[in-house]
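Asker: Give me a 3D structure for the following:
(one chain, ligands or ions: 2)
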Amino acid sequence: MSDSEEESTDKQLKIVLIGDGSSGKTSLATRFAQEQFGKQYRQTVGVDFFLKRLMIGSRNVTVQVWDIGGQTLGGNMLDKYIYGANGILLIYDITNYNSFENLEDWLDMVRKVYKNQEKTPFIALVANKVDLEHQRVIKYEKHVKFAQDNALSSHFISAKTGESVTICFQKITADILGIKVSKAEEDQHQPVVKAEILNHKDTLPMPSSSSKSIVRTAICSVQ
Ligand SMILES: Nc1nc2c(ncn2[C@@H]2O[C@H](COP(=O)(O)OP(=O)(O)OP(=O)(O)O)[C@@H](O)[C@H]2O)c(=O)[nH]1
Ligand SMILES: [Mg+2]
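Answerer: Ligands and ions are numbered 1, 2, ... in the order given. Model prediction:
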């Protein structure tokens, strides 16, 4: 197949999400592929699959997301799920210390699977739940050090608000394919943050000649 023929056909990539139970893998996959989020926790048993088409530069890419249940670590199926991945996302919850500590075990498992393989996957460190910044227990520096020590690409996201979710997958996909994402493309995938004014009773007349009223205090809830 010539280069131009190859570029015109859809590229399929296998991206595997791993990390402790409740770190937000299913939430991330659901946000990315279906633009939805559920507050209710439902444990993934085994693996679930999601598909999403992305445009990277001028190429169509179909991303196959393998959402692995956190309970599979130590089981006999994990190596089979990880095998053949183009990309692996190591996901932890910034409010849960153990979810970060256990990344060593997840990474060891990945290394074991690819020990004698010629082709190794692209691996990324993904900090989830950044909307819960006030409950953060994993310092930014700790994240950066782990990423540097293990040569991982680094991402901070919230599956709940959607912050940086699409751009995280865009960047990882582009890195796997060796394509550079332009700044304009990056900006295009930043979500619009929706804020709802919860308290709007407290209004004052404008002090100047304008007859409009202004909101003096308003509490915003970012969705
Ligand atoms: N605040 C907040 N909650 C989140 C976020 N992502 C996930 N959650 C919540 O965290 C809980 C666990 O999320 P899941 O996506 O089911 O976690 P998981 O990693 O798939 O868990 P397993 O299937 O057991 O491996 C759910 O109650 C989600 O609503 C986030 O970005 N912010
Ligand atoms: Mg899950």
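
Asker: residues in contact with the residue nearest to residue 86 when sequence neighbours are not counted?
Answerer: Among residues not flanking residue 86 along the chain, residue 13 sits closest, at 4.5 Å (Cβ to Cβ, 6 or more residues apart in numbering). Quick note: C-beta positions are derived from backbone N, CA and C, even for glycine. Neighbouring residues of residue 13 by Cβ atoms under 8 Å, 6 or more residues apart in numbering: 61, 62, 63, 64, 86, 87, 173, 176, 177.

Asker: Just list whatever residues bridge to the second one.
Answerer: Okay, so that is residue 62. Counting by DSSP bridges, residue 62 forms beta bridges with residue 12, residue 53.

Asker: neighbours around residue 97, how many?
Answerer: 13 (other Cβ atoms under 10 Å).

Asker: I figured it hits residue 137, correct?
Answerer: Yes. The pair residue 97 / residue 137 is scored as a contact, 5.0 Å apart, by Cβ atoms under 8 Å.

Asker: Which other helices and strands does the helix ranked longest in the chain contact?
Answerer: For the chain, the longest helix by residue count, based on DSSP state H, is helix 165-177. Packed against helix 165-177 by the contact rule (3 or more Cβ pairs under 8 Å, 6 or more residues apart in numbering; DSSP states H and E) you find strand 11-18, helix 25-34, strand 47-56, strand 59-68, strand 87-93, strand 122-128, strand 153-156, helix 183-188.

Asker: and residue 146, which of these is closest to it?
Answerer: strand 122-128 (6.3 Å; Cβ to Cβ).

Asker: Nearest to the spatial middle of this protein, which residue is it?
Answerer: Nearest residue to the geometric centre of the chain (Cα atoms, centre = their mean): residue 165, 4.6 Å.

Asker: ok, back up a step: just the buried positions in the longest helix of the chain, please.
Answerer: Judged by neighbour count using 16 or more other Cβ atoms under 10 Å, the buried positions of helix 165-177 are 165, 166, 167, 168, 169, 170, 171, 172, 173, 174, 175, 176.

Asker: ok, now stretch 146-165?
Answerer: 146-147, 152-153, 155-165.

Asker: near ligand 1 too, which of the residues you listed?
Answerer: 158, 159, 160 (Cβ under 6 Å from any ligand atom).

Asker: Pick out whichever of these sits closest to ligand 2.
Answerer: The closest of those to ligand 2 turns out to be residue 159 (Cβ to the ion; 10.7 Å).

Asker: And the pLDDT at that closest one?
Answerer: pLDDT for residue 159: 98.

Asker: how about low-confidence regions in the protein?
Answerer: Scanning the chain for pLDDT under 70 picks out 1-9, 184-223.

Asker: how about 50 then?
Answerer: 1, 202-223 (pLDDT under 50).

Asker: In CSV, list the ones next to ligand 1 among the buried residues of stretch 146-165 along with distance to residue 105.
Answerer: As requested, these are exported to CSV (distance: Cβ to Cβ, whole Å):
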residue, distance to residue 105
158, 25
159, 22
160, 26
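
Asker: Closest one of the residues you listed to residue 74?
Answerer: When these are ranked by distance to residue 74 (Cβ to Cβ), residue 159 comes first, at 24.7 Å.

Asker: what helix or strand does that closest one sit in?
Answerer: Using DSSP states H and E, residue 159 sits in no helix or strand.

Asker: Next, the contact list for it, please.
Answerer: Contacts for residue 159 (Cβ under 8 Å, 6+ apart) come out as 24, 27, 28, 30, 31, 37, 128, 129, 165.
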